[in-house]
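Chemist: Build me a structure from this.
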Amino acid sequence: MPELPEVETVRAQLEPLLVGARIIDGDSHPSAKFSQAPEAVGHSVEAVRRRGKYLLIDLLPEQGSRRELIVHLGMTGGLHMASSPIDDPYRRARWGLDDGRHLVFRDVRRFGRIAVVASGDHRSLPTLHELGPEPFDPRLDAAAFHALLARSSRRIKTHLLSQRPIAGVGNIYADEALWRSRIHPGARRVGLERSDRLLDALRAVLAEALEHNGTTLRDFRTVDGTKGSNQHRLDCYGRSGLPCGRCGSMLTSRVLDQRTSTYCPTCQAH
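Modeler: Residues are numbered from 1 along each chain as shown. Got it, this is the predicted structure:
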């Protein structure tokens, strides 16, 4: 699933392509997950933002109140610009712009989501509504992060994936950050010192992934159709059975709370 670096890469590419454009028509797959897409018709794009793993497209109507077009890419979703509305069995939504271009949302497995809501009203999307702070929020320090982690006795990786203590972190970057900070993914209590290390590690792995346009393991593509390159820099995720780059022990994997985690049994002793 695309995580913060992938979604931010898409946002950065979309913004100059969409801001100022007016949406003049649109259509969607009949599924309730996508059927709100045409409600963006008649609005102009004011800004393209990101919150966690969600894209938030600010819409200005000709009259009335502001709205947001919200897109979650799911597992296999992607956005691209097209010069014509070409038929595609995996097209889940399309928005026609006033200059003849089309913004297309394609999603093979249909795990994505589209919503159009009143600006700032995210109650219909509970995960978005209850997101924790952004990783690079300057107000998020070790003490605040530790307090957020301490709210749950779940395994640390499971808690990270819930999006409650911090936004935008999924399986890839959780594994990478836990490896860097030498914390076992199954740990249930993380003290202030380890919280500080983990926050630093999360910020580092996310920043590096952003520099390389995200991680493409299979499906992720940027708006212009290219792959990210961060997959060539991973230290832990997907490397079970290979030597740890720090101590040489064999990396291993284990299913924790229905999610596979990769870690070093020596560096990340439980």
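
Chemist: and the closest residue to residue 107 other than its chain neighbours, how many residues sit next to it?
Modeler: Spatial nearest neighbour of residue 107, excluding adjacent residues (C-beta to C-beta, 6 or more residues apart in numbering): residue 77 at 3.9 Å. Heads up, the C-betas are built off the backbone N, CA and C, glycines and all. Neighbourhood size, residue 77 [other C-beta atoms under 10 Å]: 26.

Chemist: hang on, isn't residue 77 packed against residue 93?
Modeler: No: taking contacts as C-beta atoms under 8 Å, residue 77 lies outside contact range of residue 93: 9.8 Å.

Chemist: Between the two, which contacts overlap?
Modeler: Taking C-beta atoms under 8 Å, 6 or more residues apart in numbering as the criterion, residue 77 and residue 93 both touch residue 105.

Chemist: Is residue 100 in a helix, a strand, or coil?
Modeler: Assigned by DSSP: H, G, I helix; E, B strand; the rest coil, the conformation of residue 100 is coil.

Chemist: residues contacting the nearest residue to it once chain neighbours are set aside?
Modeler: Closest residue to residue 100 apart from its sequence neighbours, by C-beta to C-beta, 6+ apart: residue 83 at 7.1 Å. For residue 83, the contacting residues are 100-102, by C-beta under 8 Å, 6+ apart.

Chemist: any idea how far residue 83 lies from residue 104?
Modeler: 11 Å (C-beta to C-beta, to the nearest Å).

Chemist: which secondary structure elements does the helix or strand containing residue 115 contact?
Modeler: For residue 115, the host element (DSSP states H and E) is strand 113-118. Contact partners of strand 113-118 among helices and strands, from 3 or more C-beta pairs under 8 Å, 6 or more residues apart in numbering; DSSP states H and E: strand 67-72.

Chemist: The strand it packs on: how far from the chain's middle?
Modeler: Mean-position distance between strand 67-72 and its chain equals 14 Å (C-alpha atoms, centre = their mean, to the nearest Å).

Chemist: orientation of that strand relative to strand 113-118 in degrees?
Modeler: Strand 67-72 and strand 113-118 are oriented at 160 degrees to each other (axes from the mean of the first three to the mean of the last three C-alpha atoms, to 10 degrees).

Chemist: Now the helix or strand just after strand 67-72: average pLDDT?
Modeler: For strand 67-72, the following helix or strand on the C-terminal side (DSSP H and E) is strand 77-82. Across strand 77-82, the average pLDDT comes to 96.

Chemist: do stretch 11-26 as well
Modeler: Mean pLDDT, computed over stretch 11-26, is 98.

Chemist: Now tell me what touches it from outside.
Modeler: Under C-beta under 8 Å, 6+ apart, the answer for stretch 11-26 is 37-38, 40-50, 55, 57, 59, 79, 81, 93-99, 101, 103, 222-224.
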